[in-house]
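In: quick one: sequence plus predicted model below, questions after.
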Amino acid sequence: MMKPNVRATCATALLLSLSPLLASAEPVPYGDGKGNVFAYYEVVLAPAILWGDANDAANAKSIPYKNKLIQGHLATLTSKEEDDFVENLGATAPGLSGDRTELWVGGFQSPTDCPAPPASGWQWVNDEGPIGGDAGPGAYTNWHAGEPNDAGGCEQNLAIGRFLPDLGWNDEGSAIDTRIAGYVVEYDVPVDATTCATAEGCAITKDEHLTLPPNITNPGDVIGVTTYTFADDPGRCGNNPLPLFFNSNKIPALVIPSYLCATAKDPNEPAYFIVVKTKGQGFDIPSGTVGVEDNFLDGNAADKCDKPVTVDPDPDPIFERQVTVRQAVVVWQAADASEMHETRLEAPGLLGVSRLLTGVPVPQVVLPGAGEFTDGCGSSLGSVRNGSYHVIGMHIGFKDGVAVLDGYTALTSYKLQLLQMAIESAKNDNAITKAQYNQLSAHSNDAAKHFGQGLYGPTLNDLQHLDDTIHKISIVPQPFNHEGDMEMRTLNLIFTIQNKVVPLSK
């Protein structure tokens, strides 16, 4: 990773131990208020320190946590809640005086020269990805008005506290010596995976709770978590997919399909959603599913499955045109989108579904990689096959003029075909035998046939038999979790038909 003005880490550590100009407050915990701590933040006073030296110094710091040492890095402000917490912490740090109120955080701009526009090419340290527009439309930023602007020349480093008491970000040159008071260190608390492999599961953010399969037993297994905030465009809902996290070749790592839309928590605020990127360190999930519970919306209608799924007769345009009582959904994608059956060229049988769900009337389109995998009531519940991208704060919405029942019928038909693709994939990878494939495929094909005939009771029976068979047969564990892939799709279909299609068809 590029680090302007980098000095040797050992020299920085020596500076930290000897310089009387450096002072540090105690690290402050950041969590959900329920005893779960996700990170610690520490304000270090180091007047006029260069950004590169601050970066090295932060990387050299560590704190003890549960008999382990957690390494620090310059703070990365990827979500609104985190940014609010850190900026308020910095603004109230003792020792700030006069114009010397700015603190370095972990943002920098590439390339090293400055012909690029001031707002382009910004990155977070610690491999946490691009900042702002390079991450995707609506990616969270908090630049002060008129910033970034290269007002002092080549300003390629991110600072907070420039215009106190107003909070916000400012671009600065690394060698600025008149306003820099120090820097903010972030210590990310890894989630102990063994605590997630219990009946109670574990919190990975204040809005999301995971339950891992019970075969995660090594005490050294942890889950790394990074959280991002994105604002959604109301006009996108039902019309266009949303690509996010572009690489240098402008290829997105995550694509949210058009039928998934952000839900505003407050009618007076823009709709935003949260992407939680998780990464298992030291373990894989070769079989079984990961249980997910999202608590983004208070009083979400999905709390009660017996509440009718109806179209809002007077929908609030802040939310979405056709709101099925704002039921929250679980959205997930693997880190490698090519592993998702959702990401492939459409077969002829899926063309009508594409037109209905995405509004793209062309013979060949690449469907997005993310999928909706809700399988139970709560706020809301689902099953996925591993970690990677979890998207919080979404509901299902279709194109203008598409009746909700027609939308769910098309979406369910599409998912039944994806389920058959999952079974084919397991056979092709030799995770199941030919006889097992014939069993699974027969149930899946029967479900698709009965659903097409509008026979929802037999469809549910077929899918339940399929789920029972998945549990009974011996599926070979592989790097790709075929068992979890088939089961999460089956459970989602059962839930969707029972709680969306059947109520709407009455």
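Out: Happy to help now that I have it.
In: report pLDDT for residue 260.
Out: At residue 260, the predicted lDDT confidence score is 89.
In: ok, now the one 10 residues further on?
Out: Model confidence at residue 270, given as pLDDT, is 79.
In: and what of residue 216?
Out: 79.
In: pull the contacting residues for the closest residue to residue 91 other than its chain neighbours.
Out: In space, and not counting its chain neighbours, residue 91 is closest to residue 164: 5.5 Å by CB to CB, 6 or more residues apart in numbering. In short, each C-beta sits where N, CA and C put it, glycine included. Residue 164 is in contact with 91, 96, 101, counting by CB atoms under 8 Å, 6 or more residues apart in numbering.
In: next one: residue 182
Out: Shown in contact with residue 182 (CB under 8 Å, 6+ apart): 22, 43, 44, 45, 46, 47, 49, 54, 93, 95, 103, 104.
In: inside strands: which ones of the residues you listed?
Out: 43, 44, 45, 103, 104 (DSSP state E).
In: most neighbours out of the residues you listed, which is it?
Out: Neighbour tally across these (other CB atoms under 10 Å): the maximum, 33 neighbours, falls on residue 104.
In: ok, now which ones touch that one?
Out: Residue 104 is in contact with 49, 51, 54, 55, 74, 157, 158, 159, 180, 182, 183, 184, counting by CB under 8 Å, 6+ apart.
In: same check on residue 62?
Out: Contacts for residue 62 (CB under 8 Å, 6+ apart) come out as 69, 70, 71, 72, 187.
In: in the sheet, who's paired with the last one?
Out: Going by DSSP bridges, residue 187 is paired in beta bridges with residue 40.
In: wait, it sits on residue 71?
Out: Yes - using CB atoms under 8 Å, residue 187 is in contact with residue 71, at 7.4 Å.
In: next one: the nearest residue to residue 120 once chain neighbours are set aside from residue 123, what distance?
Out: Once flanking residues are discounted, residue 120 sits nearest to residue 134: 7.0 Å by CB to CB, 6+ apart. Distance check for residue 134 against residue 123: by CB to CB, to the nearest Å, it reads 8 Å.
In: about what we covered before: residues shared between the contacts of residue 187 and residue 71?
Out: 61, 62.
In: re earlier: closest to residue 276 out of the contacts of residue 164?
Out: Closest approach to residue 276 among the contacts of residue 164 (CB to CB): residue 91, at 27.0 Å.
In: now do the contacts for that closest one.
Out: 101, 161, 164, 165, 167.
In: filter the residues you listed down to the buried ones.
Out: Buried by 16 or more other CB atoms under 10 Å: 101, 161, 167, out of those.
In: among the contacts of residue 164, name the ones in helices.
Out: If you go by DSSP state H, the contacts of residue 164 have residue 91 in helices.
In: so which of the contacts of residue 164 is the closest to residue 333?
Out: The nearest member of the contacts of residue 164 to residue 333, counting by CB to CB, is residue 91 at 36.4 Å.
In: now that closest one: how far from residue 31?
Out: To residue 31, residue 91 is 20 Å away according to CB to CB.
In: equivalent analysis for residue 289, please.
Out: Counting by CB to CB, the separation of residue 289 from residue 31 is 27 Å.
In: end to end on stretch 278-294, go ahead and measure it.
Out: Stretch 278-294 has an end-to-end distance of 15 Å (criterion: CA to CA, to the nearest Å).
In: ok, residue 289 and residue 31, which is more surrounded?
Out: A count of neighbours by other CB under 10 Å puts residue 289 above the other of residue 289 and residue 31, at 24 against 16.
In: assumed residue 390 was part of a helix.
Out: No - going by DSSP: H, G, I helix; E, B strand; the rest coil, the assignment for residue 390 is strand, not a helix.
In: tell me what it is bridged to.
Out: residue 276, residue 332.
In: okay but residue 118 is in contact with residue 150, surely?
Out: Yes - using CB under 8 Å, residue 118 is in contact with residue 150, at 4.6 Å.
In: what touches both of those two?
Out: With CB under 8 Å, 6+ apart, residue 118 and residue 150 have common neighbours residue 171.
In: my read is that residue 142 contacts residue 168, right?
Out: Yes - with contacts counted by CB under 8 Å, residue 142 reaches residue 168, the gap being 5.3 Å.
In: domains of this structure?
Out: Domain assignment for the chain, taken from automatic domain parsing, gives 9-188, 191-505.
In: before we move on, the earlier item: tell me the SS of the residue nearest to residue 91?
Out: Residue 164 ends up coil, using three-state DSSP.
In: who are the contact partners of residue 37?
Out: Shown in contact with residue 37 (CB under 8 Å, 6+ apart): 29, 30, 31, 189.
In: now list the buried members of these.
Out: 30, 31, 189.
In: distance of the second one relative to residue 128?
Out: Spelled out, that is residue 31. To residue 128, residue 31 is 19 Å away according to CB to CB.
In: where does the protein have low pLDDT?
Out: By pLDDT under 70, the low-scoring segments of the chain are 1-24, 111-113, 267, 297-326, 344-367, 378-379.
In: contacts only, for the spatially most central residue of it.
Out: Geometric centre of the chain, nearest residue: residue 275, 2.2 Å, by CA atoms, centre = their mean. The contact partners of residue 275, by CB under 8 Å, 6+ apart, come to 227, 228, 229, 230, 244, 254, 389, 390, 391, 392.
In: gap between the spatially closest residue to it that is not a sequence neighbour and residue 105?
Out: Using CB to CB, 6+ apart and skipping the chain neighbours, the partner closest in space to residue 275 is residue 228 (4.5 Å). According to CB to CB, residue 228 stands 15 Å off from residue 105.
In: neighbour-wise, which of these two wins?
Out: residue 105 (29 against 25).
In: what is the burial count for the nearest residue to that one once chain neighbours are set aside?
Out: In space, residue 105 comes closest to residue 75 once its chain neighbours are excluded; the distance is 4.6 Å by CB to CB, 6+ apart. By the measure other CB under 10 Å, the count of residues near residue 75 is 33.
In: now the one 4 residues further on
Out: In terms of burial, residue 79 registers 20 neighbours under the definition other CB under 10 Å.
In: then residue 53?
Out: 22.
In: do the same with residue 371
Out: Neighbour number of residue 371 under other CB under 10 Å is 25.
In: so how far is residue 273 from the closest residue to it other than its chain neighbours?
Out: In this structure, residue 371 finds its nearest non-sequential neighbour in residue 342, 5.2 Å apart by CB to CB, 6+ apart. In this view, residue 342 and residue 273 are 18 Å apart by CB to CB.
In: more neighbours: which of these two?
Out: residue 273 (24 against 20).
In: just checking, the more buried one touches residue 227?
Out: No - using CB under 8 Å, residue 273 makes no contact with residue 227, being 11.3 Å away.
In: next, the buried residues of the longest helix seen in the chain.
Out: The longest helix of the chain (DSSP H) is helix 404-428. Of the residues in helix 404-428, 404-405, 407-423, 425-427 count as buried by neighbour count, 16+ other CB under 10 Å.
In: and if you look at stretch 95-113?
Out: Quick answer for stretch 95-113 (16+ other CB under 10 Å): 96, 100, 101, 102, 103, 104, 105, 106, 107, 108, 109, 110.
In: can you lay out the residues you listed as a markdown table showing distance to residue 502?
Out: A markdown table is the format used below for these (distance: CB to CB, whole Å):
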| residue | distance to residue 502 |
| --- | --- |
| 96 | 61 |
| 100 | 65 |
| 101 | 60 |
| 102 | 58 |
| 103 | 56 |
| 104 | 56 |
| 105 | 51 |
| 106 | 50 |
| 107 | 49 |
| 108 | 53 |
| 109 | 53 |
| 110 | 53 |
